[in-house]
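> requesting a structural model of the entry that follows:
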Amino acid sequence: MTIADLFEPEPHRWGLRGDPHIWLEMRTHFEHTPIPDSVEALVSIIESAFQSLTEHSLSSAESFFIYSQLK
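Purely as a prediction, here's the structure:
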């Protein structure tokens, strides 16, 4: 099982227009990353990937735009 499996199925509704794009980017990013043994490690890996993909902290309340690189 990989972290990408946690992004299936997609939500039925999205909050913001960029949500589907970052969801797909995250799922693709984690295709080959196994789920770690601890919740703390999983949270850290997801937060780090989000920061890397968006240049924004997952914990930030600030809105920002997502531009998809995937086709």
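> gap between H12 and M1?
For H12, the distance to M1 (CB to CB, to the nearest Å) stands at 23 Å. For the C-beta atoms, the positions are set from N, CA and C on the backbone; glycine is no exception.
> hmm, I typed the wrong one, I wanted P34.
From P34 across to M1, the span is 7 Å (CB to CB).
> so which strand or helix has P20?
Assigned by DSSP states H and E, P20 belongs to helix 19-29.
> can you give me the buried ones in that helix?
Residues H21, I22, E25, M26, R27, H29 are the ones in helix 19-29 that count as buried (16 or more other CB atoms under 10 Å).
> ok, those residues vs L42, which is closest?
Checking the buried residues of helix 19-29 against L42 with CB to CB, the nearest one is M26 at 12.6 Å.
> pretty sure that closest one is touching L53, no?
Yes: using CB atoms under 8 Å, M26 is in contact with L53, at 6.9 Å.
> picking that back up, other SSEs contacting the helix holding P20?
helix 39-54 (3 or more CB pairs under 8 Å, 6 or more residues apart in numbering; DSSP states H and E).
> for the helix it packs on, what does the pLDDT average out to?
For helix 39-54, mean pLDDT is 94.
> what residues are up against E10?
P20, W23 (CB atoms under 8 Å, 6 or more residues apart in numbering).
> which pLDDT value belongs to it?
For E10, pLDDT reads 89.
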